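Trainee: Kindly return the folded structure for what I paste below:
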Amino acid sequence: MYLMEGKTIMNYQNFNAKTIDSWCDSGWEWGKSITHEEYNNAKNGKWNVLLTPTKYVPHEWFGELKGKKLLGLASGGGQQIPIFSALGAHCTVLDYSTAQCDSERLVADREGYEVDVVQADMSKALPFEDETFDIIFHPVSNCYVEEVKPIFKECYRILKKGGILLCGLDNGFGYIFDETECNIKYKLPFNPLKDPVAYEDSIKNDWGISFSHTLEEQIGGQLEAGFVLTHLYEDTSGSGMLHEHNVPTYIATRSIK
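Mentor: Here you go, the predicted model:
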């Protein structure tokens, strides 16, 4: 699928990558890297990370991190990967945003650890060999990909047997509302590439091109790929009307190969 931007035809993933770069330049919450103090705290065993907006991932979901090969999938920005590195994991991060990749390198240089930074599109075949990683950490991001099932198949391929997939997932419910979250405006599935109104609003409001996905696609997609679901929890968006009414719009899942 392609977008028309002026007279230039642009792949929607390239468009999203540039949009996220601009959000980072404007101080986007998920583009702010951790501080030196937070890194040192992690080295001393005091740490938490997020897959979804507000609830911390239980430490027991990870198991022992020291010496493990961990992939941060669409997890750039210098937020989680520095913590995993401080805990002794050998980390790789894949992200399509130049700004998010740059943040990873800056934090690694500042703190003196090594990280492999791969700038790539997760909607394509992942550039890793079979059974490379022990853990994949995948925060909320597949809402920016039209087809998500292939991502889970690729995750299954590159994980070692017994490997862990940790995902943050948007359950799609929030997409029916306008920006005030007080009025129902859109039908599901939300897909700006197929809905001119959703497309126009996405561009006008600087949302990027995002997509609603069902639990059938996301949890069902993990199961179809061969994963065994072991744990999950729900979360809110952290702000807005739905959050104020404790309406869960995100799910975190832990699955194993």
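
Trainee: can you pull out the helices in the chain?
Mentor: According to DSSP state H, the chain carries its helices in the segments 12-25, 36-43, 81-86, 98-111, 149-158, 196-204, 215-225, 240-244.

Trainee: how far off helix 98-111 does the second one point, in degrees?
Mentor: With axes from the mean of the first three to the mean of the last three Cα atoms, to 10 degrees as the criterion, the two stretches helix 36-43 and helix 98-111 enclose an angle of 70 degrees.

Trainee: Run through who's touching helix 36-43.
Mentor: Helix 36-43 is contacted from outside by 47, 82-83, 86-87, 107, 110-111, using Cβ atoms under 8 Å, 6 or more residues apart in numbering. Just so you know, the C-beta spots here come from the backbone N, C-alpha and C atoms, and that holds for glycine as well.

Trainee: repeat that with 6 Å
Mentor: 82-83, 86, 111 (Cβ atoms under 6 Å, 6 or more residues apart in numbering).

Trainee: would a markdown table of these with pLDDT and neighbour count be doable?
Mentor: Output for the contacts of helix 36-43, formatted as a markdown table (pLDDT from 0 to 100; neighbours: other Cβ atoms under 10 Å):
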| residue | pLDDT | neighbour count |
| --- | --- | --- |
| 82 | 98 | 28 |
| 83 | 98 | 21 |
| 86 | 98 | 21 |
| 111 | 98 | 18 |
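
Trainee: I'd say residue 188 and residue 212 touch.
Mentor: Yes: here residue 188 reaches residue 212: they are 5.4 Å apart, a contact under Cβ atoms under 6 Å.

Trainee: the more surrounded of the two?
Mentor: residue 212 (20 against 12; other Cβ atoms under 10 Å).

Trainee: Is it possible to get CSV of the helices of the chain that adds distance to residue 57?
Mentor: Supplementary listing: the helices of the chain in CSV, determined by distance: least, Cβ to Cβ, whole Å:
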stretch, distance to residue 57
helix 12-25, 22
helix 36-43, 14
helix 81-86, 11
helix 98-111, 19
helix 149-158, 17
helix 196-204, 29
helix 215-225, 17
helix 240-244, 19
